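Chemist: need coordinates for the below:
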Amino acid sequence: MRFSELNLFGVYVAPIAVTMLAAWIVMLVLRQIASHTGLLRLVWHPALFVFSIYIIVLSSWILIAASLS
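Modeler: The predicted model follows:
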């Protein structure tokens, strides 16, 4: 992965912003799955749990992208 700006319709965007958006979309899907399975009722602080899942997904994608380049 190149760590340079991306040109989206004439607007330069940092690659971390695109990665954050993609990780947020994945986190939304994982939150729905956790909600339907009842996992969110079992954790102490659901918002903190969802935020930690987001950080795990985001950091995993960044580490994988950095190792591939």
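Chemist: neighbouring contacts of the strand or helix carrying residue 25?
Modeler: Using DSSP states H and E, residue 25 maps to helix 15-37. Residues outside helix 15-37 that contact it (C-beta atoms under 8 Å, 6 or more residues apart in numbering) are 1-6, 40, 49-50, 53-54, 57-58, 61-62, 65. Glycine gets a C-beta too; all of them are placed from N, C-alpha and C.
Chemist: do that again at 6 Å, thanks
Modeler: With C-beta atoms under 6 Å, 6 or more residues apart in numbering as the test, helix 15-37 has contacts from 3, 6, 40, 50, 53-54, 57-58, 61.
Chemist: now that helix: buried residues?
Modeler: Neighbour-count burial for helix 15-37 flags 19, 23, 26-27, 30-31, 34 (criterion: 16 or more other C-beta atoms under 10 Å).
Chemist: of these, the lowest pLDDT goes to which?
Modeler: Across the buried residues of helix 15-37, no position has a lower pLDDT than residue 19, which has 90.
Chemist: can you list the low-confidence ranges for the chain?
Modeler: The chain contains residues with pLDDT under 70 at 1-3.
Chemist: could I get the contacts of helix 15-37 in JSON lines, plus columns for neighbour count and secondary structure?
Modeler: Shown next, in JSON lines, are those (neighbours: other C-beta atoms under 10 Å; DSSP: H, G, I helix; E, B strand; the rest coil):
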{"residue": "3", "neighbour count": "11", "secondary structure": "coil"}
{"residue": "6", "neighbour count": "12", "secondary structure": "strand"}
{"residue": "40", "neighbour count": "15", "secondary structure": "helix"}
{"residue": "50", "neighbour count": "18", "secondary structure": "helix"}
{"residue": "53", "neighbour count": "16", "secondary structure": "helix"}
{"residue": "54", "neighbour count": "18", "secondary structure": "helix"}
{"residue": "57", "neighbour count": "18", "secondary structure": "helix"}
{"residue": "58", "neighbour count": "18", "secondary structure": "helix"}
{"residue": "61", "neighbour count": "16", "secondary structure": "helix"}
